[in-house]
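Peer 1: Have a look at this prediction, sequence included:
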Amino acid sequence: MSYSSDDDKSHVKKDVKKDVKKDVKKDVKKDVKKEDNTKKEEKKEEKIEEKKEEKKEEKIEEKKEEKIEEKKDENTEPQQGTKTKAPSDPDTDNPQKKLKTSDPKESSECVVCFDATINTVILPCGHMCICYECSNNLILKKSTCPMCMQPIDKIIKTFKA
C-alpha cells in the first residue's frame with residue numbers, strides 16, 4: 001500500500017494508536033471485572049463460612065443449655081404427693097441409650113460440634129471429648145478445654161486400632 005503524503009501516514013498512525021488504546025482499555029476493563037467477580041465470590045464464601053461458624057456456635061450454645069436443663073431436671077425432685085411421669089419415649093426409656101447420649105464419657109460424638117467422632121486428646125488435662133477439627137479451632141482461638149476449662153497447651157490426634 002502506498003501513501004501519497006505524510007498526512008495520510010499520520011492519520012493511519014493515529015487510527016492505529018486509537019485502536020490499540022481502545023483494545024487496551026477493553027482488556028483492562030475485563031481484568032477489572034474479573035477481579036471484582038473474584039472478590040465478590042471470595043466475600044460470598046467468607047459470608048458462608050461465617051454463617052456456618054455462627055450456626056455451629058448456636059448449636060453449641062443450644063446443646064449446653066439443654067445439658068444445663070437436664071442437670072436441673074435431674075437435681076430437682078418432685079414434691080411429696082405429686083406424681084409426675086414424662087410421656088414414654090422409646091429412645092429415652094432404654095438406659096443404655098440414655099447413657100450414651102447424655103454422658104460425654106460414654107458418648108463418641110464431639111461435645112463441641114456434636115457431629116464428628118471424638119479423636120483428640122487435650123493436654124495437659126487429658127480429656128478426650130472433641131474431634132480434631134474442633135480442637136484445632138480451639139487452639140487457634142487460644143480457648144480452654146470444654147470439659148474442665150483449663151488452657152489447652154497441646155492436642156494429640158488419636159486412632160482406634
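Peer 2: That came through fine.
Peer 1: Just give me the residue closest to the centre of this protein.
Peer 2: The centre of the chain sits closest to Glu53, judged by Cα atoms, centre = their mean, with a distance of 4.0 Å.
Peer 1: Start from the N-terminal end of this protein and give the helices.
Peer 2: Secondary structure of the chain, counting by DSSP state H: helices at 6-75, 90-93, 95-102, 132-140.
Peer 1: can you put those helices in TSV and add mean pLDDT and distance to Lys160?
Peer 2: In short, each C-beta sits where N, CA and C put it, glycine included. Shown next, in TSV, are the helices of the chain (pLDDT from 0 to 100; distance: least, Cβ to Cβ, whole Å):
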stretch	mean pLDDT	distance to Lys160
helix 6-75	80	24
helix 90-93	48	26
helix 95-102	43	17
helix 132-140	92	13
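Peer 1: Let me have the ones you listed in a markdown table, extended by distance to Asp115.
Peer 2: Formatted as a markdown table, those follow (distance: least, Cβ to Cβ, whole Å):
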| stretch | distance to Asp115 |
| --- | --- |
| helix 6-75 | 9 |
| helix 90-93 | 19 |
| helix 95-102 | 14 |
| helix 132-140 | 9 |
